[in-house]
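J.: quick one: sequence and predicted model below, then my questions.
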Amino acid sequence: MTFRRLLVLPLLLLAALLVGCGSDDSDSDNSSTSSDSDSQSDAADDEDAKQEDRDDAVGTDDFSFIAPDGWEDISDDPTVGRAEIAYRDEDAVGSFAANVNVIRTPGPKMSVSDLEEAGIAELEAGGFQDVRADDPYKVDGVRSAVVSSTATQQGITYQTRQYYAQYDGAYYIITFSFSPDEDEDEIIDVSESVIDSWRWES
């Protein structure tokens, strides 16, 4: 039997708990024959390409991101709970379908280390195992705490990778959940591909 239920983490201690670390690869042109019009044209082409890259973006009035290929919108699913938006892989690995959900809650400013400590404490209090802090990562320029863990809920074991960030007076927790059979490199690749596409809209 394939379990398709999305497991949303409880928020016990924090009202809510976040990396857009993109690379700006630019080719330098040292030729003295390059004109300003050529540079302006290239800049316009780059801007058009960036806009086309955002055509598949999803999100809210506060943020947007690009979901992985083959992931479906399940934001209206009752199991999503407080999440503002949620997406799930149409193909399960073993008995679990990878998913991502985002919870936003207003709150006072906290440091990255405080968010990390609070996130770890909350997960451990909630019965999660192997809770560990990973290197901070940027969510569209916002340096954010990253915490990984494993858990078993409703008889289903899974792995999580969470990004905690603050932006414009609110906390965001972006939770990725994966099958226990998924390897760590794939978890990081998928999570960072979404986070690298993240844009703040407000």
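T.: Arrived safely, thanks for sending. Numbering: from 1, shown residues only.
J.: checking Ser113 next. Helix, strand or coil?
T.: With DSSP: H, G, I helix; E, B strand; the rest coil as the basis, Ser113 sits in helix.
J.: do the same with Arg143
T.: Assignment for Arg143 (three-state DSSP): strand.
J.: and it, what does it touch?
T.: By CB atoms under 8 Å, 6 or more residues apart in numbering, Arg143 lies in contact with 112, 136-137. The way it works is simple: take the backbone N, C-alpha and C, and place the C-beta from them, glycine included.
J.: what's the pLDDT at it?
T.: Looking at Arg143, its pLDDT reads 97.
J.: so what pairs up with it in the strands?
T.: Here Arg143 sits in beta bridges with Lys138, going by DSSP bridges.
J.: that one and Asp181, how far apart?
T.: Computed as CB to CB, to the nearest Å, the Arg143 to Asp181 distance reads 32 Å.
J.: following the helix-or-strand element of the chain with minimal mean pLDDT, which helix or strand shows up next?
T.: Counting by mean pLDDT, DSSP states H and E, the weakest-scoring helix or strand in the chain turns out to be helix 36-53, with a mean of 51. Moving toward the C-terminus from helix 36-53, the next helix or strand (DSSP states H and E) is strand 58-59.
J.: counting contacts, what elements does that next one pack onto?
T.: In terms of contacts (3 or more CB pairs under 8 Å, 6 or more residues apart in numbering; DSSP states H and E), strand 58-59 is packed against strand 63-65, strand 85-89.
J.: try it again at 7 Å.
T.: strand 63-65 (3 or more CB pairs under 7 Å, 6 or more residues apart in numbering; DSSP states H and E).
J.: show residues contacting the helix or strand that comes right after the strand it packs on.
T.: Next helix or strand after strand 63-65 toward the C-terminus (DSSP H and E): strand 71-73. Residues outside strand 71-73 that contact it (CB atoms under 7 Å, 6 or more residues apart in numbering) are 58, 87-90.
J.: if you average pLDDT over strand 71-73, what comes out?
T.: The model assigns strand 71-73 a mean pLDDT of 96.
J.: can you give me the buried ones in it?
T.: Trp71 (16 or more other CB atoms under 10 Å).
J.: now the strands for this protein?
T.: For the chain, applying DSSP state E gives strands covering 58-59, 63-65, 71-73, 85-89, 99-106, 129-139, 142-153, 156-167, 170-178, 199-200.
J.: how about TSV for those strands, with distance to Ile187 added?
T.: Shown next, in TSV, are these (distance: least, CB to CB, whole Å):
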stretch	distance to Ile187
strand 58-59	21
strand 63-65	17
strand 71-73	14
strand 85-89	12
strand 99-106	11
strand 129-139	11
strand 142-153	8
strand 156-167	6
strand 170-178	5
strand 199-200	23
